[in-house]
Structure formats: C-alpha cells, structure tokens
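*Asks:* Quick one, structure for this:
(4 chains)
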Number of protein chains: 2
Amino acid sequence: MYRRKIPEMAITRLSIYSRILADIDDGRTISSKELAELSGHSDSQLRRDLAYFGQFGMPGKGYQVKELKRRIHGILGIDRAWNVALVGAGNLGSALARYKGFEEQGFKIKAIFDNNIRKIGRTLGNITIQDAEELGETIKKRNIEIAVITAPTEAAQEVASRLAEAGVKAILNFAPIRIFAPAEVKLVNVDLAIELENLSYFLAKARKGNDQ
Amino acid sequence: MYRRKIPEMAITRLSIYSRILADIDDGRTISSKELAELSGHSDSQLRRDLAYFGQFGMPGKGYQVKELKRRIHGILGIDRAWNVALVGAGNLGSALARYKGFEEQGFKIKAIFDNNIRKIGRTLGNITIQDAEELGETIKKRNIEIAVITAPTEAAQEVASRLAEAGVKAILNFAPIRIFAPAEVKLVNVDLAIELENLSYFLAKARKGNDQ
DNA sequence: TAGATTGTTAATCGATTAACAATC
DNA sequence: TAGATTGTTAATCGATTAACAATC
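*Replies:* Residues are numbered from 1 along each chain as shown, chains lettered A, B, ... in the order given. This next block holds a predicted model:
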C-alpha cells in the first residue's frame, strides 16, 4: 500500500465502481477486467485506483465482491450516515429535499433553511423549514457536517461563511458563483450552466465543421 | 493559433472566465493577470486556454473586454439560442423547468415529457407537459438539439436511445447510471450522489486523521 | 523609449496505461 | 502444475506552469 496524492478522479471512479457493485451478488468474486468493463474504465486503471488504498484482491482469483464493497464504502465514508443541511428552499432546494437517493446513500437531511417568511414553518419531505437566522445554532445542535447551498447567487457567499463559522466541514454549492471558504472546509461546486455550456461548445464546434 | 486536442477543463474554465467578464465593463481592457485572479486560476493558464482558439489580446495592453466576451461566447456556442427538451417532470425536472438561469444563458426549454398520465397536459413554466410517446415527433418539429434527462434511473437508457434516434445532438444526464449513446451524441453526466460521496470521502479521511 | 503584457515554447508535473513478476 | 489475475513498476501521455522574445 502506497499513499501519494490521490487524484480526485480516482475518488469519482470509486463511486462509480461502488454503484456497479451494488447490483452484483455478494457471494461471488469479480476480476478487475470485468468490473472495469462494466464501469467503462480500464482494468489497469481500476487496479491502480484500488492500490491507492491497499490490497483488496486475490491474484489469480479477483476480488471478493462483498469485501470489495465494504472496503470501498469505508474509503468513501458511506459506511455511516452523515447529517446534511439544505440552505435555500427554492425550486432546486425543494427538489433535493424530496429526492430519495440522498437518504438511501446515507446522507440524511436534518435541517432546511430559508429566509422567506412565507416558507418558514412549512415542511418539505417531513423537515420543517427554519429561519436562516437559526442556522448556526441548529447546525451545532444537530451535528450537521455537510451543507448544500441552493440559495440565490447573491446570498451564496454569506451563507457559506455562516456555514463555515457554524462548523460545517463540507459544502456542496449549486450557486453559479465562486465562493470562498476556510481551507479546512471541503468545497465542491455543481454548476448546471457550465455543464450546458460544455454541451453547446461541442454542438457549436460540430456546426463549424471541426472534427467532433 | 494552434489547435491540438483541447482539454475539457479548458472549456470549463472558459465558462468561468465568461461568468466573471459578465460583471466587467465593456469599455475597458483587462489583463490575463487580473481576470485570472478573479476567476481563481493562473494568468499563464488563462493565456494558454485562450491560445487554443486564437489571438485575442494586445501585448502590453491586455484584452478588450467587449471583444473578449464576444469571442468566448462564440467559442462556447452561447452567442445564439439552443432549443432544449426536458425528459422527466419529477422534482428535479420541475425545478430545472422553472429555473431562470437556463433561459438567460440562451438555453430555451421547448418541450417537457413525462409518461405519468396525471402530469401530461399540465404546464410547467408555461410549457405543456407532453406524453413521452410524442418525443420523437416533437423533437424534430421544434428543432431541439439538446436534451436533459431527469427521468428515473430505470428509464434513462431507453430515453437516451429515443432521444438519439430523434436526432438530439447532446444530452445532459442526471440519472445516476452510465448510459450509452451513439458517438456523435455528446453526453455529459451530472451525478449528485457522486458529488456528495466526494465530500464524504474527504470528511472520512479527515476523521481518520490523515492530512486533509 | 520604458514598461507592460501578450502568445508560445520548453520544462515540469501529474495521471494513465502497459507490462510483468509474484502469487493464488 | 497451468492458467488467471493481482499489485506495482516503468513508460507514456497529457495538462499545467514558468519563462521570455515579441510587441504594443
């Protein structure tokens, strides 16, 4: 086992392997070749990705599916539940609050905040929307470590700062703006406009007659 | 101007530069150093990203903001409007349909499909939800080139195949599954669970006492 | 002209792939 | 044992960074 800097993409791929493994029987073994093909990567890369974290397989046999799942879940931190707060109960926030997939993966929404007086007190997926003023106190009280920002662009930085101050350790930001957080807070951005622009770039390029 | 393979990340960064430039006055010039700082990259990288597409600046002066915006918009294909279809009018689909940001960037939702009889005929952000059966015909009739899949996981591959067959050129897939499309269809996946798992990986690592 | 800043090359860095000895 | 497949090294590939001649 040798630990260097681990490429972020390797973590993303571990999530993908884990997704594929979920549909595979615990009792059997699987080779790096088979699992790699199912997930759209090379066997070489899969073995390399796993090697960052130790030895998992049996030469000549492959990987014990049950054990491999367990190890990958441990690495990804999804062998336990995480408490999550959602800030911003607009369209996207509401959709995420109702999305079953999070709960299934162990991400439990424990608080939802908004500053719109008409939304405060209503419930969303059986969580009561709270006044954003209560953010700091609630986050501490409910041991919330992950926050999802679905607030409007103008409010995003202020929200991020307050989340960091309240002790949140990781932020998933959907506001289309660069936000700053202390170095100890892990920040990931999901920007839907950027994804669409990626598509339109390819379309425009194809139109101009370049080689894909 | 020299054209090699252009890193996908360079395109993502162009979107970010474009976002920053939107708030900057058309009349002035801006140096690679200033724009790079505002967007969180290096000046060297910014010049490199632009260089893939030609010469934009004036040595000694910097870039004319108005012209730079125009060129980047052209590269990204956001100097025109694109017709978009949304497949799946559930929570996420509804949120995206109501999201103003798309329209502003020139991504115009021209059709929404679902196969739930109770949803068909209702409207979402002034588009009438249509029966998914009408997908092929409608896509052709309305010149839709981009589709967004917000259908359930089980339906995603079938939807993608029908979209490709109908002539869609690019697909943004929100279903947490690997889908296949013909090589000429550009496919981008946005997977919320993977993003959250990226966060939990870092949290779990920090817990185990490793260096961030 | 002197100062500033580009566009581009060459050097560096990091990630992926190929190959294979070790091992079941 | 023969065949299969791992874990890891070395080679390759690609992206980022540093440096600077060209230019305004």
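*Asks:* Centre-most residue in chain A?
*Replies:* A:L172 (7.3 Å; Cα atoms, centre = their mean).
*Asks:* tell me what the host helix or strand of that one is packed against?
*Replies:* A:L172 belongs to strand A:170-173 when assigned by DSSP states H and E. Where contact means 3 or more Cβ pairs under 8 Å, 6 or more residues apart in numbering or on different chains; DSSP states H and E, strand A:170-173 is packed against strand A:146-149, helix A:153-166, strand A:186-189, helix B:192-207. All C-beta spots, glycine's among them, are computed from the backbone N, C-alpha and C.
*Asks:* Show me which residues of the second one are buried.
*Replies:* So that's helix A:153-166. Residues of helix A:153-166 classed as buried: A:156-157, A:159-160, A:162-164, A:166 (neighbour count, 16 or more other Cβ atoms under 10 Å in any protein chain shown).
*Asks:* so A:T128 touches A:D114, yeah?
*Replies:* No. Between A:T128 and A:D114 there is no contact under Cβ atoms under 8 Å: 10.9 Å.
*Asks:* So for these two, which residue has more residues nearby?
*Replies:* Neighbour count, other Cβ atoms under 10 Å in any protein chain shown: between A:T128 and A:D114, A:D114 has more, with 23 against 11.
*Asks:* Run the chain-centre distance for the helix or strand bottoming out on mean pLDDT in chain A.
*Replies:* Across the helices and strands of chain A, mean pLDDT, DSSP states H and E gives its lowest value to helix A:100-104, namely a mean of 86. Taking Cα atoms, centre = their mean, to the nearest Å, one finds helix A:100-104 lying 12 Å from the centre of the chain it belongs to.
*Asks:* Can you name the element that comes right after it?
*Replies:* With secondary structure assigned by DSSP H and E, helix A:100-104 is succeeded by strand A:107-114.
*Asks:* Give me the contacts around that following strand.
*Replies:* Strand A:107-114 is contacted by residues A:81-90, A:93, A:96-97, A:102-103, A:120, A:124-125, A:127-132, A:134-135, A:138-139, A:142, A:144, A:146, B:196, B:200 when judged by Cβ atoms under 8 Å, 6 or more residues apart in numbering or on different chains.
*Asks:* Now intersect these with the strands, please.
*Replies:* Cross-referencing those against strands under DSSP state E gives A:82-87, A:124, A:127-131, A:146.
*Asks:* Who are the contact partners of A:R122?
*Replies:* A:128-129.
*Asks:* rerun at 10 Å
*Replies:* A:89, A:112, A:114, A:116, A:128-129 (Cβ atoms under 10 Å, 6 or more residues apart in numbering or on different chains).
*Asks:* Same check on A:Y63?
*Replies:* A:17, A:21, A:28-32, A:34-35, A:46-47, A:50, A:56-57, A:69, A:71 are the contacts of A:Y63 under Cβ under 10 Å, 6+ apart.
*Asks:* Drop anything exposed from these.
*Replies:* Burial by neighbour count, judged by 16+ other Cβ under 10 Å, picks out A:17, A:21, A:30-32, A:34-35, A:46-47, A:50, A:56-57, A:69, A:71 from these.
*Asks:* Intersect these with the contacts of DNA strand C.
*Replies:* Among the buried ones among the contacts of A:Y63, proximity to DNA strand C is found for A:R47 (Cβ under 7 Å from any atom of the strand).
*Asks:* which one of the helices and strands packed on strand A:170-173 lies closest to DNA strand D?
*Replies:* Of all the helices and strands packed on strand A:170-173, it is strand A:186-189 that lies closest to DNA strand D, at 15.6 Å by Cβ to the nearest atom of the strand.
*Asks:* What are the buried residues along that closest one?
*Replies:* Buried residues in strand A:186-189, counted by 16+ other Cβ under 10 Å: A:186-187, A:189.
*Asks:* Could you export the residues you listed as CSV, including distance to DNA strand C?
*Replies:* Output for the buried residues of strand A:186-189, formatted as CSV (distance: Cβ to the nearest atom of the strand, whole Å):
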residue, distance to DNA strand C
A:K186, 16
A:L187, 18
A:N189, 18
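*Asks:* quick check: domain ranges of chain A?
*Replies:* For chain A, automatic domain parsing gives the domain ranges A:8-76, A:82-194.
*Asks:* Now distance to B:P176 too, for these, in a markdown table please.
*Replies:* A markdown table is the format used below for the domains of chain A (distance: least, Cβ to Cβ, whole Å):
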| stretch | distance to B:P176 |
| --- | --- |
| domain A:8-76 | 7 |
| domain A:82-194 | 7 |
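*Asks:* Cool, thanks, signing off.
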